[in-house]
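S.K.: predicted structure and sequence below. I'll ask about it afterward.
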Amino acid sequence: MPKQDPTVRVTNWDETYLGFELEFAKLEAHRCIQCPAAPCVKACPVQNDIPGAFLKLENGDVVGAANDFRQTSNMPEICGRICPQEVLCEGHCVVGKNNIPVQIGKLEFFATDYQRRTEGLPRRAASPPTGKRVAVIGAGPAGLAVAEELAVRGHSCTVYDAWAEPGGILLYGVPSFKLSKEIVREKIEFLRCLGVKFVQNTLIGRDRPFSELVHDNDAVFIGIGAGIGGRLKVEGEDLPQVYTATDFLVRGNVPPEYRPIEMRSPLEAGERVVIIGAGDTAMDCVRTARRMGGTEVTCVYRRTEAEIRGREEERCNAREEGVEFLYLTNPLRFLAGAEGQLRALECERMELGEPDESGRRRPIPVPGSEFEIACDTAVIAIGYAADPVLKEPDLGLELDRAGLVLIDRVTGRTNLPGVFAGGDDVNGADLVVTALADGRRAAAAMDRYLCTSVAG
């Protein structure tokens, strides 16, 4: 799929990928050999009928292909853009065993975008109202999927979210150069037309008690994600020019009126920016830093590229945009200048030893290898943990040692009657598509629960 030229795209926030032309998309879909086993479908968390969609697409029925994706996915135009297809559907493509795999994600992106631009998002007919009320906590992928599926089934859904605008990570965490915010807003408007209500700037557990939500509704879904950024716990981490990934991405990518008050002050990244971490969030940060005027943007990672759990495509895009990668490099402390401003990151060289519990080779410090990287801004992008709001003991909600919600993996049920959960607050920091899959499974189970209570 063609992209903006790197020298041009670092000057704007438009999407990097420009989309296929119809004839090229048809040719690419024709590369699918329609294998009966369809391992690509089995590798997709939402079980998209990829061969069926591509058969329609190669015959020119683009809208039919898009509708095939919509049968199993609530956000195919989003998943086609940001899913790691190389380890999911494309990673299991039979064509890919002896050739380049079919570009499944880019074709999903093309077909659903074509439909969205020519016809708009197809409306879904809702069943007659059941009189049952559902509260959804969190307006991210899992919560939005639950709200859509239950609204279609006739249940009244209200989504509560702490941010100023609905969309969760899709709006606040994914930069516009990967996913246009207009696409997220179109989806929210689509849900409003289904009757879904949104209550923003409301943190459940702080602004409204969780117990009250359970009492006032027939069912509750928890989809708050895992939004607490990891910390290094090193000297100088509290300097004002050292940001968490979420803080940096929100300030860099989201209009001030959509941000919390504490994030509305302008962010001056400076010319020299260091990002610690090398996963997909780190790539979002390095590419954001380039668009914010960073001329020397450096990614620091303590292992090698072979150990990174993130998209190679995103690292390629970052390199094209002028980002430098320093592997086998471990941060030790942030150094302040005479006026208390960040001036450098002190690091040490690493070498790889035997594999650790993650299965990756353990990084080991090289004695006497300390050095400094001059920087104006630093961003810590080393993963996310569960939100402590659910750790309140009086909730009675069962959590694991990491603070993640314990559920029945088939239904999404928690230990509390009528309370379900899914997404990153159950799985830890994971994918948008796995959150969608959780939401769809939970919605089906919640519908059965609500209908049973109606019958009772």
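M.R.: That came through fine. Numbers count the residues shown, from 1 in each chain.
S.K.: so what's residue 272 up against?
M.R.: Neighbour list for residue 272: 294-296, 298, 374-377 [criterion: C-beta atoms under 8 Å, 6 or more residues apart in numbering]. Backbone N, C-alpha and C define where each C-beta goes, glycine included.
S.K.: weed out the non-buried ones from these.
M.R.: Neighbour counting with 16 or more other C-beta atoms under 10 Å marks 294, 296, 298, 375-377 as buried within the contacts of residue 272.
S.K.: which parts of the stretch 251-400 of the chain are strands?
M.R.: For the stretch 251-400 of the chain, strands defined by DSSP state E, counting those that start in this stretch occupy the ranges 272-276, 296-300, 324-326, 329-336, 342-355, 361-365, 371-374, 377-380, 384-385.
S.K.: who touches the longest one?
M.R.: Outside of strand 342-355, the residues that reach it under the criterion C-beta under 8 Å, 6+ apart are 236, 239-242, 274, 276, 300, 302-304, 307, 326, 328-337, 361-366, 369-378.
S.K.: go on, the fourth one?
M.R.: Here strand 329-336 makes contact (C-beta under 8 Å, 6+ apart) with 232, 234-237, 239, 242, 276, 300-302, 342-350, 363, 365, 370, 372, 378.
S.K.: what's the angle between it and strand 296-300?
M.R.: Put simply, strand 329-336 runs at 130 degrees to strand 296-300, going by axes from the mean of the first three to the mean of the last three C-alpha atoms, to 10 degrees.
S.K.: can you tell me the strand partners of strand 329-336 and which way each runs?
M.R.: Paired neighbours of strand 329-336 in the sheet (DSSP bridges): strand 342-355 (antiparallel).
S.K.: cool, and the shortest one?
M.R.: Partner strands for strand 384-385, per DSSP bridges, with pairing direction: strand 228-229 (antiparallel).
S.K.: run a quick neighbour tally on residue 385.
M.R.: Residue 385 has 17 neighbouring residues, counting by other C-beta atoms under 10 Å.
S.K.: quickly list what it is bridged to.
M.R.: Note on residue 385: beta-bridge partners by DSSP bridges are residue 228.
S.K.: thinking again about what came up before, which among the contacts of residue 272 gets closest to residue 226?
M.R.: Nearest to residue 226 among the contacts of residue 272 is residue 377, at 24.6 Å by C-beta to C-beta.
S.K.: which of the contacts of strand 342-355 are buried, as a PyMOL select command?
M.R.: Selecting just the buried residues from those in PyMOL takes one command, with 16+ other C-beta under 10 Å as the test:
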select buried, resi 236+239+241+242+274+276+300+302+303+304+307+326+328+329+330+331+332+334+335+336+361+362+363+373+375+376+377+378
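S.K.: tell me how many other residues surround residue 419.
M.R.: 25.
S.K.: OK, contacts around residue 20?
M.R.: Applying C-beta under 8 Å, 6+ apart, one finds that residue 20 lies in contact with 1, 28, 106-107, 110.
S.K.: for the stretch 351-456 of the chain, what are the low-confidence residue spans?
M.R.: 390-394, 454-456 (pLDDT under 70).
S.K.: can you map out the helices along it?
M.R.: 424-427, 432-455 (DSSP state H, counting those that start in this stretch).
S.K.: which residues in the stretch 1-150 of the chain form helices?
M.R.: Listed in chain order, the helices of the stretch 1-150 of the chain (DSSP H, counting those that start in this stretch) span 6-9, 22-30, 39-43, 50-58, 62-72, 76-82, 104-118, 141-152.
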